[in-house]
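S.K.: Next comes the sequence, and after it the predicted model I'd like to discuss.
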2 protein chains.
Amino acid sequence: MKLSKKSEYGLRALIELTLAYNRTTLQRHEIAERQHIPAEFLEQILLVLKRMGLLASRRGIKGGYQLIKPPESITLGQVIRMLDGPLAPIPCVSKTAYQKCSDCPYASTTSCPLQHVMGNVRNAIADILDHYTLKDFAYGRLQEER
Amino acid sequence: MKLSKKSEYGLRALIELTLAYNRTTLQRHEIAERQHIPAEFLEQILLVLKRMGLLASRRGIKGGYQLIKPPESITLGQVIRMLDGPLAPIPCVSKTAYQKCSDCPYASTTSCPLQHVMGNVRNAIADILDHYTLKDFAYGRLQEER
DNA sequence: AAAAAAGTTGACTAAGTCAGTTGGCAATTA
DNA sequence: TAATTGCCAACTGACTTAGTCAACTTTTTT
């Protein structure tokens, strides 16, 4: 049930990039310093986010990274899936990366106890992370109780 | 956000042991066959659950394992914590194994965005898993929507 | 044009975790 | 005492995590 450092650093970097959105670009080392992230590791993460279309970058002396999608249109769930893979605790309850379980004794049954409860867990996680945007995140919008 | 095989196998084994509760003991290979779990790996798991006080065992020719706590008194959350560690995605939001984050830039701040959202996630997970008992699980009680 | 700054890429690595396997020992029963 | 079963520790191979390093390309400044 753990969040990797990759996702943690990625999300923290996106706080900075969201705050700079439409205002300025940020260089790797600026983000790294502000968020205490190893700069070389951060780069890998920023490149993934770039390939996924969240960021643009410029090289050269006035280079840097910037967010190119509106921060209210990106959810934390999307970011975590890019960096860590599916949110679901087991593949057979994933909506974005479903895989049927191979040697589960309930595979041919109508209902598997584990699948049932883990389905609930995955929905609970996704309900939060897929409704929380980068804008909410960076500007500290409090999420109302559910 | 993944559940390990250890926890998956442990929970599935506990289905069998719950169904046998107060009726009979089960041997390692019986559980292994019914739930398609490698018997030697299963043993490690059963021993952990024994050390944690859930199971009793007898050696010798009529040996086996049995559940010694009422299945309605044990939650899936407890079991998963025994086998996988804390439910929380990051240590600084764990209730059972809290650790303050060391080099987070918000460490001395009143509010950390990541801590806030991950706290919600950990509560959502725990709300499900800490209210779902082995009895519910083994006998397929459907959990009402929330 | 050359130098410098920055991003890009791929390879590499040390440490740790996961999912088991193996083998010897201890207790129980027949 | 022999067979059976659980108990325990060590071990293994594959994989993941969290980085690091070196070489290279592009862009900008001088």
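M.R.: Perfect, thanks for sending it.
S.K.: Check which residues of stretch A:50-62 are buried.
M.R.: By 16 or more other CB atoms under 10 Å in any protein chain shown, the buried positions in stretch A:50-62 come out as A:54-55, A:57. C-betas here are computed from N, CA, C, even on glycine.
S.K.: does A:Tyr65 really touch A:Glu30, like I thought?
M.R.: No: A:Tyr65 lies out of contact with A:Glu30 (CB atoms under 8 Å); the separation is 9.5 Å.
S.K.: Same drill for these two, tell me which one is more crowded.
M.R.: Using other CB atoms under 10 Å in any protein chain shown, the more surrounded residue of A:Tyr65 and A:Glu30 is A:Tyr65, with 26 against 16.
S.K.: Quick one: name the residues of chain A near DNA strand C.
M.R.: Within chain A, the residues that sit near DNA strand C (CB under 7 Å from any atom of the strand) are A:27-29, A:43-44, A:46-47, A:50, A:57-61, A:63-65.
S.K.: Determine which two of those are furthest apart.
M.R.: Farthest apart among the residues of chain A next to DNA strand C by CB to CB are A:Gln44 and A:Ile61. That separation is 22.5 Å.
S.K.: The lengthiest helix in chain A versus helix B:113-129: what angle between them?
M.R.: In chain A, assigned by DSSP state H, the helix with the most residues is helix A:113-129. Inter-element angle recorded for helix A:113-129 and helix B:113-129: 150 degrees (by axes from the mean of the first three to the mean of the last three CA atoms, to 10 degrees).
S.K.: tell me the contacts of A:Gly140?
M.R.: B:111, B:113, B:116 (CB atoms under 8 Å, 6 or more residues apart in numbering or on different chains).
S.K.: Give me the pLDDT for A:Gln143.
M.R.: pLDDT, A:Gln143: 54.
S.K.: Sorry, slip of the keys, the one I care about is A:Thr24.
M.R.: pLDDT recorded at A:Thr24 is 93.
S.K.: where's it relative to A:Arg58, distance?
M.R.: With distances taken as CB to CB, to the nearest Å, A:Thr24 is found 12 Å from A:Arg58.
S.K.: do A:Thr133 as well
M.R.: 25 Å.
S.K.: Now do the strands in chain A.
M.R.: A:55-58, A:64-67 (DSSP state E).
S.K.: by contact count, what packs against the last one?
M.R.: In this structure, strand A:64-67 packs against helix A:5-19, helix A:28-35, strand A:55-58, with contacts taken as 3 or more CB pairs under 8 Å, 6 or more residues apart in numbering or on different chains; DSSP states H and E.
S.K.: Spell out which residues of chain A are next to DNA strand D.
M.R.: A:4-6, A:38, A:40-41, A:44, A:58-63, A:84.
S.K.: Can you pick out the most distant pair from those residues?
M.R.: Applying CB to CB across those, the maximum distance is between A:Ile61 and A:Asp84, 33.9 Å.
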